[in-house]
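Engineer: Build the 3D model from these lines:
(chains A, B, C and D)
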Number of protein chains: 2
Amino acid sequence: MTTLNRPGAGDGRHICGIDAAMEVIGGKWKVLILWALHEHPRRRFGELRRLLPGVTEKVLASHLREMESDGVVRRVSYDEVPPRVEYSLTEDGERLNDALRPLAAWGRGRVSAGQAPGPSS
Amino acid sequence: MTTLNRPGAGDGRHICGIDAAMEVIGGKWKVLILWALHEHPRRRFGELRRLLPGVTEKVLASHLREMESDGVVRRVSYDEVPPRVEYSLTEDGERLNDALRPLAAWGRGRVSAGQAPGPSS
DNA sequence: CTGTATCCTGAGCGATACTG
DNA sequence: CAGTATCGCTCAGGATACAG
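Structural biologist: Next up is the predicted model:
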């Protein structure tokens, strides 16, 4: 289960529904994992790691586990040698990704307008 | 400036635009502040504090400062005694709130379906 | 190749007291 | 009323080594 430091986390009390979503996407790399798996379906662990420059194995693994238990990521393990595991989005994960589009558009808008935090002071 | 522990934070490198948005809403109470100011425009500091049960003065103040410098919250200080300050959303803040609606709907959907993290294991 | 097992750091947050 | 100032803590995340 995702246990993030958010209001209402753990006790199931969410004020407006966004909290519930924030718990799912609240990890540092989770929205990027969502995005990567949407753009590149059925990705292996190592491929995902390469798609997210800077993420460590430990964090990627734990994020994937949490997203799996949250029902947005599906993990398929092929019993081969060497081992092969493929990750993809569930239907709910795809819906979550769609729900993030307006937010991404909003973010892109202010990036191109130079209002995004970071570059300009 | 918002300095969250996110990929690309600080250097202005965002992969898909969601990162930029996540930096703005990444604080523990920020989406709730957004929501509260949308539902109850022109709120005073103390009122806001009462609208967000559990938030401390320090965190509320710092979040409001960051959101102000991110251009989503407007702070209007009336030069009176006792002091009066009113917070409201900027146009961009309202747009951000709109962009969060699909996400809230997604979260509500899984809350009512019992899939949200927290209540069920 | 696909992950655990440890250890560690620090940002983010909370509690409390205090100020104009 | 509307905040700062300080202190402390927790836990998400990073580094590295090891395992099946």
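
Engineer: how about the nearest residue to A:Ala21, chain neighbours excluded?
Structural biologist: Leaving out its chain neighbours, the residue that sits closest to A:Ala21 by CB to CB, 6 or more residues apart in numbering or on different chains is B:Gly107, at 3.6 Å. In short, each C-beta sits where N, CA and C put it, glycine included.

Engineer: tell me the average confidence for the helix or strand that contains the one you found?
Structural biologist: When secondary structure is defined by DSSP states H and E, B:Gly107 falls within helix B:101-112. For helix B:101-112, the mean pLDDT works out to 93.

Engineer: between that helix and helix A:101-112, how many degrees?
Structural biologist: 150 degrees (axes from the mean of the first three to the mean of the last three CA atoms, to 10 degrees).

Engineer: How about exporting helix B:101-112 as PDB, limited to the C-alpha atoms?
Structural biologist: Only the C-alpha atoms of helix B:101-112 are listed here, as PDB (Å, rounded to 0.1, in the frame of the first residue of the first chain):
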ATOM      1  CA  ARG B 101     -10.900  18.000 -12.000                       C
ATOM      2  CA  PRO B 102     -10.400  14.800 -14.100                       C
ATOM      3  CA  LEU B 103      -7.900  13.700 -11.500                       C
ATOM      4  CA  ALA B 104     -10.300  14.300  -8.700                       C
ATOM      5  CA  ALA B 105     -13.000  12.400 -10.700                       C
ATOM      6  CA  TRP B 106     -10.600   9.500 -11.100                       C
ATOM      7  CA  GLY B 107      -9.900   9.500  -7.400                       C
ATOM      8  CA  ARG B 108     -13.500   9.700  -6.500                       C
ATOM      9  CA  GLY B 109     -14.300   6.800  -8.800                       C
ATOM     10  CA  ARG B 110     -11.900   4.500  -7.000                       C
ATOM     11  CA  VAL B 111     -12.900   5.700  -3.600                       C
ATOM     12  CA  SER B 112     -16.500   4.800  -4.300                       C
END
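
Engineer: Packing partners of it?
Structural biologist: Applying 3 or more CB pairs under 8 Å, 6 or more residues apart in numbering or on different chains; DSSP states H and E, one finds that helix B:101-112 makes contact with helix A:18-25, helix A:91-99, helix A:101-112.

Engineer: In TSV: those, plus distance to B:Ala36 and mean neighbour count.
Structural biologist: Below are the helices and strands packed on helix B:101-112 laid out as TSV (distance: least, CB to CB, whole Å; neighbours: other CB atoms under 10 Å in any protein chain shown):
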stretch	distance to B:Ala36	mean neighbour count
helix A:18-25	12	26
helix A:91-99	21	18
helix A:101-112	19	19
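
Engineer: of all the ones you listed, which lies closest to DNA strand D?
Structural biologist: Closest to DNA strand D of the helices and strands packed on helix B:101-112 is helix A:18-25 (CB to the nearest atom of the strand; 10.2 Å).
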